[in-house]
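Asker: What follows is a predicted protein model with its sequence.
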2 protein chains.
Amino acid sequence: MTRHFEEELNELKERLLYMGSLVEAMIQYSIKILVERKEDLAKDIRKHEEDVNHIQVEIDEICLKLLALYQPTAGDLRFITSAMKINSDLERMGDQAVNIAENSLDLLKAPPLKPLIDLPRMAEIVKNMVKNCLDAFVSKDPELAGKVLQTDDQVDKFKDDIFKELLVYMSQDPNNISRAMDLVLVSRNLERIGDHATNIAEDVIFMVSGKDIRHHLLENKE
Amino acid sequence: MTRHFEEELNELKERLLYMGSLVEAMIQYSIKILVERKEDLAKDIRKHEEDVNHIQVEIDEICLKLLALYQPTAGDLRFITSAMKINSDLERMGDQAVNIAENSLDLLKAPPLKPLIDLPRMAEIVKNMVKNCLDAFVSKDPELAGKVLQTDDQVDKFKDDIFKELLVYMSQDPNNISRAMDLVLVSRNLERIGDHATNIAEDVIFMVSGKDIRHHLLENKE
């Protein structure tokens, strides 16, 4: 039975990683719609979203089955409950990619509003957070997870700076307002993806160490 | 042992409901800051937020302990895993109340921008969703949970209408822009609270029926 259980845990991990790769692609595509104006990618995002929704339900089923069948304890139990949480954060990240795509498609109807402020840079940082939290999960690496947590402040600063800069654009010319609003919303979508990556990083630390560090970040930071 | 287990499940439920009552109060207060300009309530929100964070960690600990110790199956297993999910959604609702409070405090620095569009009405509907999803959880009532799901479209419509109306205000007078932006953000915060209530309603339906209805809402709606 133990061997079988190990195999099923591995399958669960593979499934989560596959879901993670779909969500990473969704984020990538949504940013390409924004930055490179590649409208066509919207349909790939929709397709991935369907798959992600399907896998989300499937992963929860696997987790419940494993809990009921093998009644795991300690590290295995933490792995499974963390998997359920990561599952939910990944799905919500995907939803945010859909929102970015929608806000960006709105923007494509009009000529681009100046560069794009710091949004492409903010997007790069958030994409890295997503990649790193998934890598930390695969390699059970609490240090890498810790790096994700430390990036969160940078993302918040980008969000605030972008907001201020866009307010200036809006005040300068009412024709900018609608496009600038869409960009504000995209920055908020990116921020939320970063929040979900942070949640996953906290889950990884808990999964590996058994230590719940949520809401104690300040004490743990250098 | 069974009797003890039942008692502990009940305690878990009480704990979640207490957390729910704190989060409901946070939402209530944040809206009062917005609508009645009651600045003082911000400190109550902060206080509640600390308690909620503390209880969140505690509830996850209780759930893990129950899973490891009693190795529940079927309905009890679903109750405990649902409790972990509801726990996380409640905490995130509280975060949104904090965001509403922050955006609203920003607004208090300037004279009010006309009525407040439909924000107070949107807030009432979202508050009801929160109340109903918690009531559905207590009374294990999938029908009430279903009502919460049906309200989600109304909330989306409010969000879109408020957005359009605020765009008009901004275009009319650049002095409105900053305040109108804060109101847009509040409407997004409210929308997210509604989303979390929807998640909880889905968890309640799953907990009671064992049927996962996520991502199949359209098929289930009349």
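Answerer: Structure received.
Asker: Alongside chain B, which residues does chain A contribute?
Answerer: Contact residues (C-beta under 8 Å from any C-beta of the partner chain) of chain A with chain B: A:53-54, A:56-57, A:60-61, A:63-64, A:67-68, A:71, A:73-74, A:77-78, A:81, A:84-85, A:88, A:163, A:167, A:170-171, A:174, A:177-178, A:181, A:184-185, A:188, A:212, A:214-215. Just so you know, the C-beta spots here come from the backbone N, C-alpha and C atoms, and that holds for glycine as well.
Asker: again, 6 Å this time
Answerer: When proximity is defined by C-beta under 6 Å from any C-beta of the partner chain, chain A lies next to chain B at A:53, A:57, A:67-68, A:71, A:73, A:77, A:170-171, A:174, A:177, A:212, A:215.
Asker: Cross those against helices and list the overlap.
Answerer: Counting by DSSP state H, those place A:53, A:57, A:67-68, A:77, A:170-171, A:177 in helices.
Asker: Of these, just the buried ones, ChimeraX syntax please.
Answerer: Here is the ChimeraX selection string for the buried members of those, based on 16 or more other C-beta atoms under 10 Å in any protein chain shown:
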select /A:53,57,67,77,170,171,177
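Asker: Columns pLDDT on top of the ones in helices among the residues of chain A next to chain B, output as TSV?
Answerer: Shown next, in TSV, are these (pLDDT from 0 to 100):
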residue	pLDDT
A:Asn53	97
A:Val57	96
A:Leu67	97
A:Ala68	95
A:Leu77	96
A:Met170	91
A:Ser171	90
A:Ile177	92
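Asker: Quick one: distance of stretch A:181-189 to the chain centre.
Answerer: 16 Å (C-alpha atoms, centre = their mean, to the nearest Å).
Asker: Alpha carbons only: can I get it in PDB?
Answerer: Output in PDB follows, covering the C-alpha atoms of stretch A:181-189 (Å, rounded to 0.1, in the frame of the first residue of the first chain):
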ATOM      1  CA  MET A 181      -8.300  53.000 -16.200                       C
ATOM      2  CA  ASP A 182      -7.900  49.800 -18.000                       C
ATOM      3  CA  LEU A 183      -4.100  49.900 -17.200                       C
ATOM      4  CA  VAL A 184      -4.900  50.500 -13.500                       C
ATOM      5  CA  LEU A 185      -7.000  47.500 -13.500                       C
ATOM      6  CA  VAL A 186      -4.300  45.400 -15.200                       C
ATOM      7  CA  SER A 187      -1.900  46.500 -12.500                       C
ATOM      8  CA  ARG A 188      -4.400  45.300  -9.900                       C
ATOM      9  CA  ASN A 189      -4.800  42.000 -11.700                       C
END
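Asker: Of all the residues in that stretch, which ones are buried?
Answerer: Counting neighbours by 16+ other C-beta under 10 Å, stretch A:181-189 gives A:181-189 as buried.
Asker: cool, stretch A:43-55 as well?
Answerer: A:44-45, A:48-49, A:52-53, A:55.
Asker: now stretch A:67-82
Answerer: Buried residues in stretch A:67-82 (16+ other C-beta under 10 Å): A:67, A:70-72, A:76-82.
Asker: A:Arg92: what secondary structure?
Answerer: helix (DSSP: H, G, I helix; E, B strand; the rest coil).
Asker: how about it, what does it touch?
Answerer: When contacts are counted by C-beta atoms under 6 Å, 6 or more residues apart in numbering or on different chains, A:Arg92 touches A:His196.
Asker: re the thing from before, which two in the residues of chain A next to chain B are spaced the farthest apart?
Answerer: For the residues of chain A next to chain B, the maximum inter-member distance is 63.3 Å, found between A:Gln71 and A:Pro174 (C-beta to C-beta).
Asker: tell me how far stretch A:69-80 is from the chain's mean position?
Answerer: In terms of C-alpha atoms, centre = their mean, the centre of stretch A:69-80 is found 25 Å from the chain centre.
Asker: what does stretch A:139-149 give?
Answerer: With C-alpha atoms, centre = their mean, you get 15 Å for stretch A:139-149.
Asker: about what we covered before: go through the buried residues of stretch A:43-55 and name the one nearest chain B.
Answerer: A:Asn53 (4.0 Å; C-beta to the nearest C-beta).
Asker: Name the nearest residue to that closest one, ignoring sequence neighbours.
Answerer: B:His215 (4.0 Å; C-beta to C-beta, 6 or more residues apart in numbering or on different chains).
Asker: For chain A, just list every one of the helices.
Answerer: A:2-35, A:41-70, A:74-108, A:119-138, A:142-172, A:177-209, A:217-220.
Asker: Pick the most deeply packed of the ones you listed.
Answerer: The highest mean neighbour count among the helices of chain A, using mean count of other C-beta atoms under 10 Å in any protein chain shown, belongs to helix A:177-209: a mean of 23.
Asker: Nothing else from me, thank you.
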